[in-house]
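>>> Task: produce atomic coordinates for the following.
(chains A and B)
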Amino acid sequence: MNVQSYPSKLLETAVEEFSKFPGIGRRSALRLVLHLLRQDIEDVDSFTRAITDLGHNVKYCRVCNNISDTDTCGICSSPHRDAGLICVVESIKEVMMIESTHQFNGLYHVLGGVISPMEGIGPADLSIEKLVDRVNQGGVREVIMALSATTEGDTTNFYIFKKLKDKPVLFSTLARGVAFGDELEFTDEVTLGRAILNRVKFDASIPG
Amino acid sequence: MHLKHLSAINFKSFRQVELELNPKINCFIGNNGQGKTNLLDAIYYLSMCKSAFNSSDRQVLRHGEQFFVIEGSYQRVSSNEDIYCGFKLDEGKIFRRNGKTYDRLADHIGFIPIVMVSPTDSALIDESGEERRKYMNGVISQYDRVYLDEVMRYNRLQAQRNSILKNHPHVSFSYDLLEAIDDQLVRYAQTIHAKRSSFVEQLIPIFMDYYNRVSGGEERVSIAYRSHLNDGDFKTMLRNNIQRDRTLQFTSIGIHRDDMVLSIDGYPIRREGSQGQQKTFLIALKLAQFEFLSRVSGIKPLLLLDDIFDKLDMDRVGFLINQVAHDGFGQIFITDTSKNRLDMILNRLNSGFRLFSIENSEVSIIAST
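Numbers count the residues shown, from 1 in each chain, chains lettered A, B, ... in the order given. This is a model prediction of the structure:
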């Protein structure tokens, strides 16, 4: 469908905006816009208000960079969380994923990406210095690296490890191995190879 | 192990092809440009998840089509294995074994071991080290599933390192950052180096044996694995080379510069070897690869002989046939342009066979025993 075929400039602008979303092409964008047009104007208003509010009022936690409605996020300000543990993640998405496991009671640090010089992302583009500051302020016992198992994730691990290795903190990383509930037969050999190399003591592997 | 049934749709020049194959010898006769090599390439593709000749999957798609499919039914040890490969223009390719989709293609490579001998092998002698690294990668990846992943990670890290050396406009140069990459680079390089060393070391005696048998043992041939990592501690070398690398704006040492030195009587075969010696060298190298793969996998690989008799004198043809007719080989696929030569070859092989003709990418059966 070409640009000329839109019957209204307003429609075209709306489609244009929607198609900026990841994974949304012009066709899908048009479908969404037409859907909006069929809604009551009140619903449309509340939709746009939500988005405007998000754009204007959203804050990032000044401690961990997590998304927040207040200067310090709910996790960082909670008295029930263990401030001695910091889990380092790439983005807010991973905070939400780890939170939904209910297995972690420490704090987070959102880096805002991983180091990838090819894509022009160097250490200065990520909040690494801020992490080092947090550790320097004291009270941190362990820094847990929870980045993707890609070469870029590993490079970021190595880089941060160098920055923190002289500090009195334990530096750990997520376990890599056989996925829970997976049959060994269907585990890919790279993962299985690593799982054998990084095997764990049986009593430490029992859940709970 | 053998391929029982092969079918392909929209693969290279084939609109559709379907073949029942002989467990021992399968011959394809046809003039040049009729599709013989493409057919062997389909068999190669099912084993290696890529073409032996084209680096991009788009290039193996029949002109104007949106997808291709290759399917093979194998008898492997005591089980039947159905391998399916499907490629769609916008979705890429998938491989299935008995209906189950592979998560990673690397898990399939080596399951159906294969060796192809073709006129393009001369690149191993004539071309740059990249060809010889591809040869090493192609063999090692068939018995070591982790190896390809390690090579890919190494290459990725090296590309990241080069971006730092090139002074990417948004990333300021930092030794800490370089070192974070080098720590990993060194680990992968050392693993890959150890695997390549061990492979070449084991290949040498097998290769020498084949070469001597075909040549009568008059000249001394050798293969040596050359790598910067042979010369000392890689991490120290990387560190000592940083200024040089920064000037060059790329990583000047590492396993991406590895090579195999092929020589005859102490001189490079590329310069000193006659045409005949070079051909013998290449055939010995491929047969050694075959022998090596059957030893490590415990399965006799499929052997694809693409148009190789044309360029060989009758002595060497005779030798090759005797080798192939020997019990050590499994299922073999041969292409040739000459019916007379194939008849002669089949006579000497004295084994069950199936003979096909290929014309304009249509395959028909001529004879079967």
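>>> Let's verify B:Ile223: helix, strand, or coil?
At B:Ile223 the chain is in strand, as set by DSSP: H, G, I helix; E, B strand; the rest coil.
>>> Show the contacting residues for it.
B:Ile223 is in contact with B:Val200, B:Leu203, B:Ile204, B:Phe207, B:Met260, B:Val261, B:Leu262, B:Ser263, B:Leu285, counting by CB atoms under 8 Å, 6 or more residues apart in numbering or on different chains. Using the backbone N, CA and C atoms, a C-beta is placed for each residue, glycine as well.
>>> of all the residues you listed, which comes closest to A:Ile144?
B:Val200 (41.9 Å; CB to CB).
>>> Quickly note the distance from that closest one to A:Gly193.
22 Å (CB to CB, to the nearest Å).
>>> try B:Ser357
46 Å.
>>> Between those two, which is the more surrounded one?
B:Ser357 (18 against 15; other CB atoms under 10 Å in any protein chain shown).
>>> That one in helix, strand or coil?
With three-state DSSP as the basis, B:Ser357 sits in strand.
>>> Would you map the strands across chain A?
Assigned by DSSP state E, chain A shows strands spanning A:59-60, A:67-68, A:82-89, A:106-110, A:142-145, A:170-173.
>>> now do the stretch 1-150 of chain B
In the stretch 1-150 of chain B, the strands defined using DSSP state E, counting those that start in this stretch lie at B:2-9, B:16-20, B:25-29, B:67-76, B:79-88, B:92-97, B:100-101, B:114-117.
>>> re the thing from before, deepest of the strands of chain A, which one?
Most buried of these, by mean neighbour count (mean count of other CB atoms under 10 Å in any protein chain shown): strand A:106-110, with a mean of 24.
>>> How about the contacts made by the residue nearest the centre of chain A?
Centroid-nearest residue in chain A: A:Ser91, 2.3 Å away (criterion: CA atoms, centre = their mean). Residues near A:Ser91 by CB under 8 Å, 6+ apart: A:Val110, A:Leu111, A:Gly112, A:Gly113.
>>> repeat that with 7 Å
A:Val110, A:Gly112 (CB atoms under 7 Å, 6 or more residues apart in numbering or on different chains).
>>> And B:Ala106, by the same measure?
Counted by CB under 7 Å, 6+ apart, B:Ala106 has contacts B:Arg145, B:Leu148, B:Asp149.
>>> Could you export those residues as TSV, including distance to chain A and pLDDT?
Below are the contacts of B:Ala106 laid out as TSV (distance: CB to the nearest CB, whole Å; pLDDT from 0 to 100):
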residue	distance to chain A	pLDDT
B:Arg145	4	82
B:Leu148	9	89
B:Asp149	5	89
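>>> Now restrict these to buried residues only.
Neighbour counting by 16 or more other CB atoms under 10 Å in any protein chain shown classes B:Arg145, B:Leu148, B:Asp149 among those as buried.
>>> Dump the helix or strand hosting B:Ile321 to PDB, keeping only the CA atoms.
Element membership of B:Ile321 [criterion: DSSP states H and E] is helix B:314-325. Only the C-alpha atoms of helix B:314-325 are listed here, as PDB (Å, rounded to 0.1, in the frame of the first residue of the first chain):
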ATOM      1  CA  MET B 314      44.300 -43.800 -15.700                       C
ATOM      2  CA  ASP B 315      46.900 -44.900 -13.100                       C
ATOM      3  CA  ARG B 316      45.400 -42.600 -10.500                       C
ATOM      4  CA  VAL B 317      41.900 -43.400 -11.600                       C
ATOM      5  CA  GLY B 318      42.800 -47.100 -11.100                       C
ATOM      6  CA  PHE B 319      44.300 -46.400  -7.700                       C
ATOM      7  CA  LEU B 320      41.300 -44.500  -6.500                       C
ATOM      8  CA  ILE B 321      38.900 -47.100  -7.700                       C
ATOM      9  CA  ASN B 322      40.900 -49.800  -5.900                       C
ATOM     10  CA  GLN B 323      40.700 -47.800  -2.700                       C
ATOM     11  CA  VAL B 324      37.000 -47.100  -3.100                       C
ATOM     12  CA  ALA B 325      36.200 -50.800  -3.900                       C
END
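>>> So what's the gap between it and the chain middle?
22 Å (CA atoms, centre = their mean, to the nearest Å).
>>> And the next helix or strand past that helix?
Using DSSP H and E, the next helix or strand after helix B:314-325 towards the C-terminus is strand B:332-336.
>>> what's the helix or strand following that following strand packed up against?
Helices and strands here follow DSSP H and E; after strand B:332-336, the next one along the chain is helix B:339-349. Counting contacts by 3 or more CB pairs under 7 Å, 6 or more residues apart in numbering or on different chains; DSSP states H and E, helix B:339-349 is packed against strand B:25-29, helix B:314-325.
>>> So which other helices or strands are in contact with the longest one?
Read that as helix B:314-325. helix B:275-297, helix B:339-349.
>>> List the buried residues in the first one.
Right, the one you point to is helix B:275-297. Within helix B:275-297, the residues that count as buried by 16+ other CB under 10 Å are B:277-294, B:296-297.
>>> Please work out the angle formed by the directions of the following helix or strand past that helix and strand B:2-9.
Downstream of helix B:275-297, the next assigned helix or strand under DSSP H and E is strand B:302-306. If you take axes from the mean of the first three to the mean of the last three CA atoms, to 10 degrees, strand B:302-306 sits at 60 degrees to strand B:2-9.
>>> Next, the residues that contact the worst-scoring helix or strand of chain B on mean pLDDT from outside, please.
When each helix and strand of chain B is scored by mean pLDDT, DSSP states H and E, helix B:314-325 comes last, with a mean of 75. Helix B:314-325 is contacted by residues B:Val214, B:Lys279, B:Thr280, B:Ile283, B:Leu287, B:Phe309, B:Ile332, B:Ile345, B:Arg348, B:Leu349, B:Asn350, B:Ser351 when judged by CB under 7 Å, 6+ apart.
>>> Just the buried residues of it, please?
B:Arg316, B:Val317, B:Phe319, B:Leu320, B:Ile321, B:Gln323, B:Val324, B:Ala325.
>>> Just put the helices and strands packed on helix B:339-349 in CSV and tack on distance to B:Tyr44.
Output for the helices and strands packed on helix B:339-349, formatted as CSV (distance: least, CB to CB, whole Å):
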stretch, distance to B:Tyr44
strand B:25-29, 14
helix B:314-325, 18
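>>> A:Glu12: which of these is closest?
Here strand B:25-29 is closest among the helices and strands packed on helix B:339-349 (CB to CB), at 57.6 Å.
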